[in-house]
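J.: Build me a model:
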Amino acid sequence: MLTDPNEKSIKDQKRMSRRQFRKERKLATRKAFRQYYAQKRDQKKEQTVEEEQEVLKQHSEYLQQKRLWEEREERYELINFVRRKAEEAERQARETARQKWRDALLRMPTMVSPSSDNDFNKNNSNIDSNNKIQPKIRNMPTFVTTEDRKQETSLPTKWSKDIDGDTMNWP
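T.: Residues are numbered from 1 along each chain as shown. Model (predicted):
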């Protein structure tokens, strides 16, 4: 079988030494391996070029989607900004209206009826000397306080005030 026109038939070949035969066979297998891997590399290069084109296409799609997303995001931010401004203006208007209403009420002259004075005195009759409002209790007993007892008992204490009340007398 002749695979290559340069090869000679077995009969025509001169017998080689074993070492030479193995060397040529070894070189031929190496060459076959190199060619096989070179073909694989070329196929990979072709695939990588196609993959790179695919990646670039996907990346361009990504960039386009990103740009669209950013535009939408800017629109939403603008809408939210306008909404916040409107809410702030509405709140400010509500506050100014409330303030104007309060000022108008305070500037209004008030008419006091004579019965309201009596009601005021009745309501304030429960105020104690300390300006504390006491509850209305019928027949409330009055208790003697410690101040009242001191006034009743005029026993000398260890430290007593002078007659003038400005200095202390020693015991």
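J.: Could I get the full set of helices for the protein?
T.: Counting by DSSP state H, the chain has helices at residues 18-107, 114-123, 146-152.
J.: And the average pLDDT for the shortest one is what?
T.: If I follow you right, that is helix 146-152. Helix 146-152 shows a mean pLDDT of 56.
J.: Then the first one?
T.: Helix 18-107 shows a mean pLDDT of 92.
J.: Same check on the second one?
T.: Across helix 114-123, the average pLDDT comes to 53.
J.: hang on, the earlier thing: can you check which of the helices of the chain gets nearest to Asn139?
T.: helix 114-123 (18.6 Å; Cβ to Cβ). Heads up, the C-betas are built off the backbone N, CA and C, glycines and all.
J.: tally of neighbours for Phe21?
T.: By other Cβ atoms under 10 Å, 11 other residues sit near Phe21.
J.: re the thing from before, can you redo the helices of the chain as TSV with distance to Arg138?
T.: Below are these laid out as TSV (distance: least, Cβ to Cβ, whole Å):
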stretch	distance to Arg138
helix 18-107	39
helix 114-123	15
helix 146-152	23
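J.: looking at these, which is closest to Lys136?
T.: Comparison of these against Lys136 by Cβ to Cβ identifies helix 114-123 as nearest, at 10.2 Å.
J.: Thank you kindly, that will do.
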